[in-house]
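**Q** Here is my input; please provide its structure:
(one chain, ligands or ions: 3)
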Amino acid sequence: MRTVAQVVADDLCIGCGLCEAVTSGRVQMAMTPTGSLRPNPLDDFRPEEERVIIDACPGLVAEARADPNLPPDPIWGHHGTMRYAWAADPEVRFAAATGGVLTALGQHLVASKKAAFVLHVGADPAQPMRNRWVMSESPEEVLANTGSRYGPAAPLAGLETALDRSEPFAIIAKPCDLSAIHRQAAADPRIDQLVVARLAMVCGGQSRLTKSQRLLEQFGISEAAVSLFRYRGRGNPGPTRVETWDGRAFEVSYLEMWQDEATWDVETRCKFCPDALGEASDVAVADVWPGGAPTGEDEGFSGIIVRSKVGELLVEEAAAEAQIVLGEPISPRELDRMQPHQVRKKQALAARYEGMADAGVSPIDTHGLRINELGRRLSPAQAADERSGAATRIRAARS
Ligand SMILES: Cc1cc2nc3c(=O)[nH]c(=O)nc-3n(C[C@H](O)[C@H](O)[C@H](O)COP(=O)(O)OP(=O)(O)OC[C@H]3O[C@@H](n4cnc5c(N)ncnc54)[C@H](O)[C@@H]3O)c2cc1C
Ligand code: SF4
Ligand code: SF4
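**A** Numbers count the residues shown, from 1 in each chain. Ligands and ions are numbered 1, 2, ... in the order given. Here you go, the predicted model:
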């Protein structure tokens, strides 16, 4: 049997937090010196706990929660409604990462009492550059945790606490987190009983903390001085803004922060991510900039990808109750042009998985994610490049 220690040694742990939930906090998520959240200690799992984790761990497996009644698309998977959308409340729309749809849907779920709370993440008030999981019980609390947190985040560390409440709840999380929950549902029936909505952001990758630490170095401030660290929002995309306890403020634009992918310090798992598009969610929400990058600020437009009947109903209700506004439909090929990096990655994965095997690491076991089918779109030269690059990356990550 594979072990959590092996997943961590191969650098395929994304730090989702499931290890902490399954061990009821005996194993905790802790920040490593290289800026990633990893379970600690690695030798304190009971055999039955480790078996359950291995069956769901994003470092080993990813599974779509596809609704076969919805039309499939080779890139985007089974989907229902795909269209522009944004939060109807201008305050939410302005504060949120993009159009505020995730926040507005979360607010709708708690306001309508369909969910007693939303399990998601936000800045840690004691260390605002870092993240913590939260259970937001009111629309105001959901809004207080709006926005994208690009650094390490472990929403599933809160899963056991959430399930223990025995109340219906919603989850907002990254696609890898939601795949882990979907897999974990086989071992824990409370998940399908209690989780009333699974909402994802389309995800280009989680940065290690080093990315944010470098920004502080650039500003010449220490982490202890930081009172606010906002990656984006208050505009779309809005600047990355850092404030200090003694009243200073620093900003860089979204493009200054993210234009050069080589500076993202992205987790190894992200380079091999078979589902960054939220195929285990009820609704996934994306940026919709043509070409994949902003050319300026706008009022905040998101793209929604509905993936289940639950998601369709949620979107219909939230629109009928004027919590979100629905815009024009978006076709899968238009979405390709808004997310070209996702299309490239999805097509490259089959070759990257061969590279993983070359480096002696088992590729992520994928279910319903069309990796081999899409891999055939690469030319032999492209596939060879992806394969050797992946093997090099894995060897470097393990050394
Ligand atoms: C690491 C990361 C990478 C991303 N990459 C892309 C990309 O490549 N393409 C793209 O289209 N969009 C990407 N996004 C998503 C995009 O930034 C927006 O989050 C998305 O469009 C939803 O916007 P919104 O205004 O509806 O979200 P908001 O209304 O601002 O709500 C965001 C919600 O997500 C939760 N959340 C934030 N960060 C995390 C996290 N790290 N883990 C779990 N939950 C979190 C918050 O708690 C909040 O509830 C990424 C987001 C993250 C966090
Ligand atoms: S379950 Fe999550 S936290 Fe545990 S090893 Fe896997 S990715 Fe890491
Ligand atoms: S790219 Fe994939 S593995 Fe990385 S954080 Fe996003 S969903 Fe998770």
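**Q** Could you use CA atoms for every contact and neighbour count after this?
**A** Will do.
**Q** Just the CA coordinates for stretch 345-354, please, in CSV.
**A** C-alpha atoms of stretch 345-354 as CSV (Å, rounded to 0.1, in the frame of the first residue of the first chain):
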residue,chain,number,x,y,z
LYS,A,345,-2.2,21.7,-19.5
LYS,A,346,-5.1,19.2,-20.0
GLN,A,347,-3.6,18.1,-23.3
ALA,A,348,-0.1,17.8,-21.9
LEU,A,349,-1.0,15.6,-19.0
ALA,A,350,-0.8,12.2,-20.6
ALA,A,351,2.8,12.9,-21.7
ARG,A,352,3.6,14.4,-18.3
TYR,A,353,2.3,11.3,-16.6
GLU,A,354,4.7,9.2,-18.7
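**Q** centre of the chain versus it, how much separation?
**A** 20 Å (Cα atoms, centre = their mean, to the nearest Å).
**Q** same question for stretch 102-109, mean pLDDT?
**A** For stretch 102-109, the mean per-residue pLDDT is 98.
**Q** Any residues of the chain in contact with ligand 1? List them.
**A** Residues of the chain found near ligand 1 (Cα under 6 Å from any ligand atom) are 96-103, 120-122, 145-150, 153, 155, 172-174, 201-206, 285-287, 302.
**Q** Just the strands from the stretch 1-150 of the chain, written as ranges.
**A** 28-31, 37-40, 61-63, 82-87, 117-124, 127-136 (DSSP state E, counting those that start in this stretch).
**Q** Which one of those strands lies nearest to ligand 3?
**A** Shortest distance between ligand 3 and the strands of the stretch 1-150 of the chain, using Cα to the nearest ligand atom, is found for strand 61-63: 9.6 Å.
**Q** quick one: strands adjacent to that closest one?
**A** strand 365-367 (parallel) (DSSP bridges).
**Q** Point to the residue nearest the middle of this structure.
**A** residue 174 (2.0 Å; Cα atoms, centre = their mean).
**Q** Spit out the contact partners of that residue.
**A** Each residue near residue 174 by Cα atoms under 8 Å, 6 or more residues apart in numbering is listed here: 200, 201, 202, 203, 276, 278.
**Q** Tell me which residues touch the third one, please.
**A** Shown in contact with residue 202 (Cα under 8 Å, 6+ apart): 174, 175, 276, 277, 278, 284, 285, 286, 287.
**Q** coming back round to it: next one: the residue nearest to the centre of the chain from residue 186, what distance?
**A** In this view, residue 174 and residue 186 are 20 Å apart by Cα to Cα, to the nearest Å.
**Q** Residue 81 now?
**A** 28 Å.
**Q** ok, the two, which is more surrounded?
**A** residue 81 (19 against 14; other Cα atoms under 10 Å).
**Q** Who are the contact partners of the more buried one?
**A** Applying Cα under 8 Å, 6+ apart, the residues contacting residue 81 are 304, 305, 306, 307, 312, 329.
**Q** from the middle of its chain, how far away would the helix or strand harbouring residue 333 be?
**A** Per DSSP states H and E, residue 333 falls inside helix 332-338. With Cα atoms, centre = their mean as the basis, helix 332-338 stands 20 Å off its chain's centre.
**Q** and if you look at stretch 86-105?
**A** Worked out by Cα atoms, centre = their mean, stretch 86-105 lies 18 Å from the chain centre.
**Q** And for the protein, the residue most distant from the center?
**A** Furthest out from the centre of the chain (Cα atoms, centre = their mean) sits residue 246, at 32.6 Å.
**Q** low pLDDT regions in the protein?
**A** Under the criterion pLDDT under 70, no range of the chain is flagged.
**Q** what does it have sitting close to ligand 2?
**A** So the chain meets ligand 2 at 4, 7, 13-19, 38-39, 53, 57-59 (Cα under 6 Å from any ligand atom).
**Q** Buried members of these into PyMOL, please.
**A** Only the buried entries of the residues of the chain next to ligand 2 go into this PyMOL selection, using 16 or more other Cα atoms under 10 Å:
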select buried, resi 4+7+13+14+15+16+17+18+19+38+39+53+57+58+59
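**Q** Which SSE is immediately downstream of the helix or strand hosting residue 211?
**A** Assigned by DSSP H and E, residue 211 belongs to helix 209-219. Downstream of helix 209-219, the next assigned helix or strand under DSSP H and E is strand 226-230.
**Q** Counting by contacts, list what that following strand packs against.
**A** strand 127-136, strand 240-244 (3 or more Cα pairs under 8 Å, 6 or more residues apart in numbering; DSSP states H and E).
**Q** Show me which residues of the stretch 151-300 of the chain sit near ligand 3.
**A** Counting by Cα under 6 Å from any ligand atom, the residues of the stretch 151-300 of the chain near ligand 3 are 174, 175, 176, 203, 204, 205, 206, 269, 270, 273, 276.
**Q** For the second one, which non-adjacent residue is closest in space?
**A** Meaning residue 175. residue 278 (4.5 Å; Cα to Cα, 6 or more residues apart in numbering).
**Q** Which helix or which strand is home to the one you found?
**A** Here residue 278 is assigned to no helix or strand, by DSSP H and E.
**Q** distance of it from residue 369?
**A** Taking Cα to Cα, one finds residue 278 at 11 Å from residue 369.
**Q** and if you look at residue 209?
**A** 29 Å.
**Q** Tell me which helix or strand comes right after whichever strand or helix holds residue 177.
**A** When elements are assigned from DSSP H and E, residue 177 belongs to helix 175-184. As assigned by DSSP H and E, the chain's next helix or strand after helix 175-184 is helix 190-194.
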